[in-house]
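Engineer: got a structure for you, letters missing:
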């Protein structure tokens, strides 16, 4: 049995990855135990019948560690795979004090010395692996660069683009830019806002939707910037939505103006629907997008560069279509379940010192 430890309650890219991974491992015949916090979003979703659940607070107390360890031993668990910082630290302690083998996926780049204690660390990009090697001192022999797996069948629109645009009160010919994910300083959507006047002055008619939670410490700054740039009629702040595939499908392109990323799931999902992307060259983004083929890469904090690339897409529908087709091919080749799940299983096997599949 494979254990997935995930310590966040709400939805984000790392949680989406853990959900997709758990489902696909189960579909590949692997019994999985999902260890999560009470009330976590991930546990409310449908799973195959060979997925079991265990709640924990992830408090690093002797009692809670012993309780979870007993539950794992009862099920014959040997290997645990952790996601996010609290789960990772908890997993490391389980491994060191109770004899389990530990694998952890790095979803964010922070200086955290406990990463060193994992048997193996999965990094979604070479950039993340370099961070773990040179900042957290994880030996290169224990690092595996494995992309996030994306099941394209799980990210499909249920409404056509025209219907979605009508719900947003937008005509079909308006150039629609989509932004999916948390609206925060790290994501830097204000850089995109600052690029929009250039598009408008060039004669384009852009509209941008932001689909995601607005961080509390960013909300006032974000609202003020929209007003200062007179963009109230150009921007729709939608908050968290359950119809993300529909919204992405209705967009002409997707934009990520982040200053720091690992490998954003929103980017991969947009590519899987054939959407060209304009994104900053940070973290693992440059290992997803082939500049000029499936999208454009720009410098972070550069509204001028962002505006230039968005103008190219706004002016050329054929370019958008060609890049979208390339993006679909890119996902199928390097980020599909078929391409990635065998690599993760091989990582598990190597961690356990086995040649056969984990059962």
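Structural biologist: Received it, and whenever you're ready, just let me know what you need. Predicted model only: the values in this text are computed from it and were never measured.
Engineer: what sits up against stretch 197-214?
Structural biologist: Contacts with stretch 197-214, where a contact means C-beta atoms under 8 Å, 6 or more residues apart in numbering, come from 10, 168, 170, 173-184, 189, 192-193, 196, 222, 229, 234-241, 244, 247, 251, 255, 303-304, 307, 310-311, 314-315. Placement of C-beta: from N, CA and C, glycine included.
Engineer: Drop anything exposed from the residues you listed.
Structural biologist: By neighbour count, with 16 or more other C-beta atoms under 10 Å, the contacts of stretch 197-214 hold 170, 175-184, 189, 192-193, 196, 222, 229, 234-235, 237, 244, 247, 251, 255, 303, 307, 310-311, 314 as buried.
Engineer: Flag the helix or strand of this structure with the lowest per-element mean pLDDT.
Structural biologist: None of the helices or strands of the chain scores lower by mean pLDDT, DSSP states H and E than helix 13-27, at a mean of 91.
Engineer: Check which helices and strands that helix sits against.
Structural biologist: Where contact means 3 or more C-beta pairs under 8 Å, 6 or more residues apart in numbering; DSSP states H and E, helix 13-27 is packed against strand 2-6, strand 32-36, strand 51-55, strand 79-83, helix 265-272, helix 337-352.
Engineer: Mean pLDDT for the ones you listed - can I get that in JSON lines?
Structural biologist: Shown next, in JSON lines, are the helices and strands packed on helix 13-27 (pLDDT from 0 to 100):
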{"stretch": "strand 2-6", "mean pLDDT": "95"}
{"stretch": "strand 32-36", "mean pLDDT": "97"}
{"stretch": "strand 51-55", "mean pLDDT": "97"}
{"stretch": "strand 79-83", "mean pLDDT": "96"}
{"stretch": "helix 265-272", "mean pLDDT": "95"}
{"stretch": "helix 337-352", "mean pLDDT": "94"}
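Engineer: can you list these in TSV and add mean neighbour count?
Structural biologist: Formatted as TSV, the helices and strands packed on helix 13-27 follow (neighbours: other C-beta atoms under 10 Å):
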stretch	mean neighbour count
strand 2-6	25
strand 32-36	23
strand 51-55	15
strand 79-83	26
helix 265-272	25
helix 337-352	17
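Engineer: Including distance to residue 298, could those go into TSV?
Structural biologist: Output for those, formatted as TSV (distance: least, C-beta to C-beta, whole Å):
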stretch	distance to residue 298
strand 2-6	32
strand 32-36	37
strand 51-55	40
strand 79-83	30
helix 265-272	14
helix 337-352	27
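Engineer: Select, out of those, the one closest to residue 147.
Structural biologist: Residue 147 sits nearest to helix 337-352 of all those, at 5.6 Å, using C-beta to C-beta.
Engineer: Just want the angle from that closest one to strand 2-6.
Structural biologist: Relative orientation of helix 337-352 versus strand 2-6 (axes from the mean of the first three to the mean of the last three C-alpha atoms, to 10 degrees): 100 degrees.
Engineer: Off-centre distance for helix 337-352?
Structural biologist: Between the centre of helix 337-352 and the centre of its host chain there is 19 Å, according to C-alpha atoms, centre = their mean, to the nearest Å.
Engineer: And stretch 90-98, by the same measure?
Structural biologist: Offset of stretch 90-98 from its chain centre (C-alpha atoms, centre = their mean): 26 Å.
Engineer: Residue 348 against residue 102, yeah?
Structural biologist: No. Using C-beta atoms under 8 Å, residue 348 is not in contact with residue 102, being 11.1 Å away.
Engineer: Now list whatever residues contact both of those two.
Structural biologist: In contact with both residue 348 and residue 102: 79, 81, using C-beta under 8 Å, 6+ apart.
Engineer: if we can go back for a sec, now intersect the contacts of stretch 197-214 with the strands, please.
Structural biologist: When DSSP state E is applied, the contacts of stretch 197-214 are split such that 175, 176, 177, 178, 179, 180, 235, 236, 237, 238, 239, 255 fall in strands.
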